[in-house]
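>>> Sharing a model prediction with you, sequence too.
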Amino acid sequence: LPIVVIDTQNQDIPVAVKYDVAAGYYKKIDGVDPSITARMSVYDNDGINTVSDTASCESAIQIRYRGNSSIEFDKKQYKIRLVNEDGTERESNIMGLGSDDEWILNISMADPSLLRNYVALTMAGEIDESTPDVRYCEVLMKKGSAYEYEGLYLMMECVKRSENRIDIKKYKPKNVYSSYILRRDRYNEDGVMLDTFAERKDISKGCFEVKYPIQDDITQNTVNYIQNDMNRIEELLYNGDTPDMAQLGQYLDIDSFVDYFLINELMGNYDAGMYSTYMYKDFGGKLHMGPVWDFDLAMDNHPREMQNVQKIVFPYQPWFDRLCLSEEFDQKLLSRYRQLRKTTFSDEEIEDMIENTAAELGNASKRDWSRWGAEYTKAELGTYKDANGISIDRNRDSFEGEEERLEDNLITHAYNIEPQLEKLKDDN
């Protein structure tokens, strides 16, 4: 695998957020700059990579910890921005993922399988081309002349507007109308937040934040334009007994909503739709649902309860709780799922994806578990009693055990989704 070396030059990366109990979310700590200037070297050559090779990419970087609750983990995630020596933006094509200046080193300690985000994003990428590309690597922290092994990570694209990411038209502040990218998540006191119909009526979870145009550029007129777009859509969704799909189809890329539903349902990713949820609109186009994001707690990885693989949950997520009242939308779900079960979602494709990925990781997964295995196993999930009162052991014990849990979960859930979609359609 590629090797990524981070040289912090004897600096500590500061923890810049803290959970605010009263507010119910993480807040920035006043006066703390989250980023430091460091150096990154990437070794991605043919054959076995070593730090004695010539680096395929070497750059000054701005680096900070990434995440909120995950910042409590010992194995950190990082947001990286490539810069020139004078601090200006620098783009580079890292690991063949396309040129850009912003990157993420991601793998959460909540996922001892080390597979969930890679498997989900790789499969989703076959369906939605806006899905962030990912590639495995191993990370070393340079401390003086020594190296400290940090473990297995994913080098990931950020969700942003650019030629190699979400390729929508660039914003011009002199114009009111614009392409845009939104994120639905917890409230961000420092973000450009929208005041929308469903939030005001308290009938939908999560808050909309404008991620593009960026805060430094966007005008209030453009914020109002985006907010009016969202209000129009939510009023169509939530007014009346059943949403009018013909009217919604004028504003929504319905096929992208179908694919987003099916990807997240297969993966059992039930934070999606409420949190870490992206959507975007190109100027003159329709609202596209996605790209998908953040599968740390998906695929039977909830810390307190076992996923019921015989049921589907996504019909109850925001917006989808209304779309699924339409028999037309339900029929699209069913038809598309049957199509995907012959290709990307087939048992054979799922098995190959997981087993081939685990084989590709090889000793890297063993090295990561050697470094972090005690942490992966100490937070015991304990046992879970199913509907028949049978206790099921949920404890972590090995990478191989987590790989098996993942494969069993996806194969079993994939089998049960189709009859549930049929029932959903028939009930309407």
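Received, thanks.

>>> Burial check on residue 116, number of neighbours?
Neighbours of residue 116 under the rule other CB atoms under 10 Å: 25. C-beta coordinates here come from the backbone N, C-alpha and C atoms, glycine included.

>>> Pull the contacting residues for it.
Taking CB atoms under 8 Å, 6 or more residues apart in numbering, we find residue 116 in contact with 267, 295, 296, 298, 299, 301, 406.

>>> quick one: the residue located most distally from the centre of the chain and residue 51, what's the gap?
Relative to the mean C-alpha coordinate of the chain, counting by CA atoms, centre = their mean, the farthest residue is residue 145 (35.0 Å). Between residue 145 and residue 51 the computed distance is 11 Å (CB to CB, to the nearest Å).

>>> mind checking the longest strand of the protein?
Counting residues, the longest strand in the chain under DSSP state E turns out to be strand 146-157.

>>> after that one comes which helix or strand?
strand 180-185 (DSSP states H and E).

>>> Show me what the very next helix or strand once past that next one is packed up against.
Per DSSP H and E, the first helix or strand lying C-terminal to strand 180-185 is strand 192-193. Packed against strand 192-193 by the contact rule (3 or more CB pairs under 8 Å, 6 or more residues apart in numbering; DSSP states H and E) you find strand 207-212.

>>> hey, which helix is longest across this structure?
The residue-count maximum for a helix in the chain (DSSP state H) belongs to helix 399-427.

>>> Tell me which two in the contacts of residue 116 are the farthest apart.
296 and 406 (12.7 Å; CB to CB).

>>> ok so, going back, now find how far off-centre the longest strand of the chain is within its chain.
Mean-position distance between strand 146-157 and its chain equals 18 Å (CA atoms, centre = their mean, to the nearest Å).

>>> what is the mean pLDDT for that strand?
Averaging pLDDT along strand 146-157 yields 96.

>>> what does stretch 388-405 give?
On average, stretch 388-405 scores 78.

>>> now stretch 204-221
Averaged across stretch 204-221, pLDDT comes to 93.

>>> Then residue 105 would be within a helix, right?
No. Assessed by DSSP: H, G, I helix; E, B strand; the rest coil, residue 105 does not belong to a helix; its assignment is strand.

>>> burial measure for it, as a count.
For residue 105, the neighbour count with other CB under 10 Å is 21.

>>> Looks like it contacts residue 2 (just checking).
No. In this structure, residue 105 is not within contact of residue 2 by CB atoms under 8 Å, at 11.4 Å.

>>> what sits in contact with each of the two?
Common neighbours of residue 105 and residue 2, using CB under 8 Å, 6+ apart, are 137, 155.

>>> ok, residues contacting stretch 245-262?
Stretch 245-262 is contacted by residues 127-128, 229, 232-233, 236-237, 272, 285-290, 292, 314, 319-320, 323, 326, 328-329, 332-333, 336-337, 340, 345, 417 when judged by CB under 8 Å, 6+ apart.

>>> ok, of the residues you listed, which come out buried?
127-128, 229, 233, 236-237, 272, 287-290, 292, 314, 319-320, 323, 326, 329, 332-333, 336-337, 340, 345, 417 (16 or more other CB atoms under 10 Å).

>>> Where strands are concerned, which of those count?
Short answer: the buried ones among the contacts of stretch 245-262 in strands (DSSP E) are 287, 288, 289.

>>> between the residues you listed, which is nearest residue 194?
Using CB to CB, the shortest approach to residue 194 within these belongs to residue 287, at 13.2 Å.

>>> Find the nearest non-adjacent residue to that closest one, please.
Among residues not flanking residue 287 along the chain, residue 281 sits closest, at 4.8 Å (CB to CB, 6 or more residues apart in numbering).
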